[in-house]
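Q: curious how this folds, go ahead:
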Amino acid sequence: MNITGSYRNMFRIPELKRRILFTAMILAVYRLGGHITTPGIDIDAIKAFFESQQGTLVGLYDMFAGGNLKQATIFALGIMPYISASIIFQLLQAVIPYFEKLAKEGDSGRKKIAQYTRWGTLALAIVQSFGISFALEGMGVVQTPGVLFKIMTVITLTTGTMFVMWLGEQITENGIGNGISLIIFIGIIARYPTDILNTGQALATGQLPWWTALFVIIFMIVVIAAIIAITQGQRKIPVQYAKKIVGRKVYGGANTHIPLKVNTAGVIPIIFAQAIIMFPGTLGAFFPGNTVMEAMTNMFRPPHIVYILSYSTLIILFTYFYTAVILNPVDLADNMKKNSGFIPGVRPGRKTAEYIDRVLTRVTLPGAFFLASIAVLPDLMIFWFNIPFYFGGTGLLIIIGVGLDTLQQIESHLIMRHYDGFMTKGKLRARK
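A: Model (predicted):
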């Protein structure tokens, strides 16, 4: 069933319709909470501050918070504490045997890790909200600073983060798609109407020539198509399983494959690289007037060649690092050996692990370079064409990745429903 048919039929299935409407309702609640300001904040003052923080860690954090941080809403922390906790526990699985053992225990182990992640989210939210309360007072945007303001801010922002996390889990369980990803998704695309309006104004005033706008639109279509191709691209390693005879039954003997994605690490390497490359600019903001800090800040700001080379190198390194963390060739080889599986022409065990590692290294290389090019693309487009919006980078990768994942889940529901309907008709014919 193609995507056009999926759009046409997805509201004809009651269960799928209920899931889609439930997801839309939860996302609407999230956007509504993004307009409720934390008590005691001067909105105009904090907006002026955030306009000066573009290209810093504060601006990056605000993107994942869906713009709630610069408006100091009750969802100012957004889902970022949960993302940070998830990444931390995912990395711990690679270095601490206890968490590695939990990850291999199946559903029970994953539930324990999920519970640890929730507690980690709570701890990070408390620490970060406490830091934000101090930062807000330092900005001079608080109407009545003091201990009561700090306590109220910690309670408000921490509760907001835990509520957003709960909303995401409700979408995952009762809606369609990954709830946490969809919350980030809706926060990013919420900025697009403003970008479209600014582009229209730039065209009307002549700041953006029509031929430049046409070229940019064509280029955007090409880039989106390339991201979709890289996101879905994979290298399939064939695997065969030996036949086992137990009594009178024959087990195994199936042919399958190991799908190694071109972009296994997803968007995480860009997030890691941004956190490091934006640190000099964030540090320089605290030392205004310092010549050395200003020079360092300008050096690590686009479109400086040092920024582009450093940023691209960090992304490539983090792509290989995070791929090695989440995909272990030795574990894959051991699991295949335990289940009597083998790669044709490759010996089981160590040789299989070496083969998978070699293929994974080669497959990851184009994905790493593509991530680096997508990450520096927005800054280059703004510098070369003076376009009034930010196209590419982390936001675009998240939007396309989440969109594809959600469409695939809708497609799965439609195919499942079609299969159930066919079996029902067959049973009715058999009864007749």
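
Q: domain-wise, how is the protein divided?
A: 1-207, 209-387 (automatic domain parsing).

Q: okay, the ones you listed in JSON lines with distance to His413, mean neighbour count and mean pLDDT next?
A: In this view, the C-beta of every residue, glycine as well, is placed from N, C-alpha and C. As requested, the domains of the chain are arranged in JSON lines below (distance: least, CB to CB, whole Å; neighbours: other CB atoms under 10 Å; pLDDT from 0 to 100):
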{"stretch": "domain 1-207", "distance to His413": "5", "mean neighbour count": "17", "mean pLDDT": "80"}
{"stretch": "domain 209-387", "distance to His413": "19", "mean neighbour count": "16", "mean pLDDT": "81"}
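
Q: dump these to JSON lines, plus distance to Ser412.
A: JSON lines is the format used below for the domains of the chain (distance: least, CB to CB, whole Å):
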{"stretch": "domain 1-207", "distance to Ser412": "10"}
{"stretch": "domain 209-387", "distance to Ser412": "15"}
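
Q: quick check: which of those is nearest to Val402?
A: Evaluated with CB to CB, the domains of the chain place domain 1-207 nearest to Val402, the distance being 4.3 Å.

Q: chain center to the closest one, what's the gap?
A: 11 Å (CA atoms, centre = their mean, to the nearest Å).

Q: give me the number of residues near Leu396?
A: Leu396: 21 surrounding residues under other CB atoms under 10 Å.

Q: for it, what are its contacts?
A: Going by CB atoms under 8 Å, 6 or more residues apart in numbering, Leu396 touches 223-224, 227, 374.

Q: same question for the strand or helix carrying it, mean pLDDT?
A: Per DSSP states H and E: Leu396 is located in helix 393-431. Taken as a whole, helix 393-431 has a mean pLDDT of 66.

Q: over to Leu260. Which of the three states is it?
A: strand (DSSP: H, G, I helix; E, B strand; the rest coil).

Q: that one contacts Arg362, correct?
A: No. The criterion here is CB atoms under 8 Å, and Leu260 misses it with Arg362 at 9.5 Å.

Q: for the contacts of Leu396, which one is nearest Phe385?
A: Of all the contacts of Leu396, Val223 has the smallest distance to Phe385: 13.4 Å, by CB to CB.

Q: name the element that closest one belongs to?
A: Here Val223, judged by DSSP H and E, is contained in helix 210-232.

Q: distance from the chain centre to that helix, please.
A: 20 Å.

Q: which helices and strands does that helix pack with?
A: helix 192-205, helix 350-385, helix 393-431 (3 or more CB pairs under 8 Å, 6 or more residues apart in numbering; DSSP states H and E).

Q: Phe75: which of those is closest?
A: helix 393-431 (17.5 Å).

Q: on that earlier part again, got the angle for the helix holding Val223 vs helix 192-205?
A: If you take axes from the mean of the first three to the mean of the last three CA atoms, to 10 degrees, helix 210-232 sits at 150 degrees to helix 192-205.

Q: for helix 210-232, which outside residues touch it?
A: Residues contacting helix 210-232 (CB under 8 Å, 6+ apart): 199, 203, 262-263, 366-367, 370, 374, 377, 381, 385, 387, 391-392, 396-397, 400-401, 404.

Q: can you show me the CA trace of it as PDB?
A: The C-alpha trace of helix 210-232 is given here as PDB (Å, rounded to 0.1, in the frame of the first residue of the first chain):
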ATOM      1  CA  TRP A 210      13.200  35.700  -6.700                       C
ATOM      2  CA  TRP A 211      15.900  33.700  -8.600                       C
ATOM      3  CA  THR A 212      17.700  33.000  -5.300                       C
ATOM      4  CA  ALA A 213      14.400  31.900  -3.700                       C
ATOM      5  CA  LEU A 214      13.800  29.600  -6.600                       C
ATOM      6  CA  PHE A 215      17.200  28.100  -6.400                       C
ATOM      7  CA  VAL A 216      16.900  27.600  -2.700                       C
ATOM      8  CA  ILE A 217      13.600  25.800  -3.000                       C
ATOM      9  CA  ILE A 218      15.000  23.400  -5.600                       C
ATOM     10  CA  PHE A 219      18.100  22.900  -3.400                       C
ATOM     11  CA  MET A 220      15.900  22.200  -0.400                       C
ATOM     12  CA  ILE A 221      14.000  19.500  -2.300                       C
ATOM     13  CA  VAL A 222      17.200  17.800  -3.300                       C
ATOM     14  CA  VAL A 223      18.600  18.000   0.300                       C
ATOM     15  CA  ILE A 224      15.300  16.500   1.700                       C
ATOM     16  CA  ALA A 225      15.400  13.700  -0.800                       C
ATOM     17  CA  ALA A 226      19.100  13.000   0.000                       C
ATOM     18  CA  ILE A 227      18.300  12.900   3.800                       C
ATOM     19  CA  ILE A 228      15.400  10.400   3.200                       C
ATOM     20  CA  ALA A 229      17.700   8.200   1.100                       C
ATOM     21  CA  ILE A 230      20.500   8.200   3.700                       C
ATOM     22  CA  THR A 231      18.000   7.700   6.600                       C
ATOM     23  CA  GLN A 232      16.500   4.600   5.000                       C
END
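
Q: after that helix, which helix or strand is next?
A: Following helix 210-232 toward the C-terminus (DSSP H and E): strand 234-241.

Q: and that next one, what does it pack against?
A: Looks like strand 234-241 contacts strand 255-261, strand 341-342, helix 350-385 (3+ CB pairs under 8 Å, 6+ apart).

Q: just send the ones you listed back as a markdown table, with distance to Ile74 too.
A: Shown next, in a markdown table, are the helices and strands packed on strand 234-241 (distance: least, CB to CB, whole Å):
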| stretch | distance to Ile74 |
| --- | --- |
| strand 255-261 | 37 |
| strand 341-342 | 51 |
| helix 350-385 | 30 |
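
Q: figure out which of the ones you listed is closest to Glu294.
A: helix 350-385 (19.2 Å).

Q: nearest residue to Ser129 in space, please, no chain neighbours.
A: Distances taken as CB to CB, 6 or more residues apart in numbering put Leu157 closest to Ser129, at 3.6 Å, once the chain neighbours are dropped.

Q: what helix or strand is the one you found located in?
A: Counting by DSSP H and E, Leu157 is part of helix 147-174.

Q: could you pull out the helices for the stretch 1-150 of the chain?
A: 3-9, 14-33, 43-51, 57-64, 80-95, 97-103, 107-139, 147-174 (DSSP state H, counting those that start in this stretch).

Q: tilt between the longest one and helix 147-174?
A: Put plainly, it is helix 107-139. 150 degrees.

Q: just checking, what packs against helix 107-139?
A: Checked by 3+ CB pairs under 8 Å, 6+ apart, helix 107-139 has helix 43-51, helix 80-95, helix 97-103, helix 147-174 packed alongside it.
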